[in-house]
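Q: Quick one: sequence and predicted model below, then my questions.
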Amino acid sequence: MLLSENAVHSALFLIVNFIGVALLFLMLEAPFLALVQIAVYAGAIMVLFVFVIMLLGAEKARGGASTRRFPWLAPLQWG
């Protein structure tokens, strides 16, 4: 979890990412792939992820203290 310490928020951000990929498919004039992206990933798999996170209470589990000073810069490290 790079930008959010809450596991549920991270899963919801991943749903937003999947919707963005579906929009890219629409811009590439591939509506079937966009529909599959929404139905399979943002629909079924992410509902399962959010259900498991809420069932296990993973949002309450905290790791050790973060040693990073600027966690929002982490995605820039990998390009």
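A: Perfect, I can see it now.

Q: Show me the helices in the chain, by range?
A: For the chain, the helices defined by DSSP state H occupy 7-27, 31-36, 46-56, 74-77.

Q: Format the ones you listed as CSV; extra columns: mean pLDDT and mean neighbour count.
A: In this view, the C-beta of every residue, glycine as well, is placed from N, C-alpha and C. Listed next are these as CSV, based on pLDDT from 0 to 100; neighbours: other CB atoms under 10 Å:
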stretch, mean pLDDT, mean neighbour count
helix 7-27, 87, 15
helix 31-36, 93, 13
helix 46-56, 80, 13
helix 74-77, 69, 9
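
Q: Residue 10 versus the spatially closest residue to residue 33 that is not a sequence neighbour, what's the distance?
A: Nearest non-adjacent residue to residue 33, counting by CB to CB, 6 or more residues apart in numbering: residue 25, 4.4 Å away. To residue 10, residue 25 is 23 Å away according to CB to CB, to the nearest Å.

Q: likewise residue 47?
A: 15 Å.

Q: likewise residue 33?
A: Taking CB to CB, one finds residue 33 at 25 Å from residue 10.

Q: Most distant residue from the centre of this structure?
A: For the chain, the largest distance from the centre (CA atoms, centre = their mean) belongs to residue 29, which lies 24.2 Å off.

Q: re the thing from before, how close does the residue nearest to residue 33 get to residue 57?
A: Residue 25 is 35 Å from residue 57, where distance means CB to CB.

Q: who's in contact with the most centrally placed residue in the chain?
A: Nearest to the mean C-alpha position of the chain, by CA atoms, centre = their mean, lies residue 14 at 1.5 Å. When contacts are counted by CB atoms under 8 Å, 6 or more residues apart in numbering, residue 14 touches 46, 49.

Q: hmm, try it at 10 Å
A: 41-42, 45-46, 49-50 (CB atoms under 10 Å, 6 or more residues apart in numbering).

Q: same question, residue 24
A: Contact analysis of residue 24 by CB under 10 Å, 6+ apart lists 30, 33-34, 37.

Q: Can you give me the first-to-last residue distance of stretch 33-45?
A: From its first residue to its last, stretch 33-45 covers 16 Å (CA to CA, to the nearest Å).

Q: Verify the stated contact: residue 34 with residue 27.
A: Yes. The criterion here is CB atoms under 10 Å, and residue 34 meets it with residue 27 at 9.1 Å.
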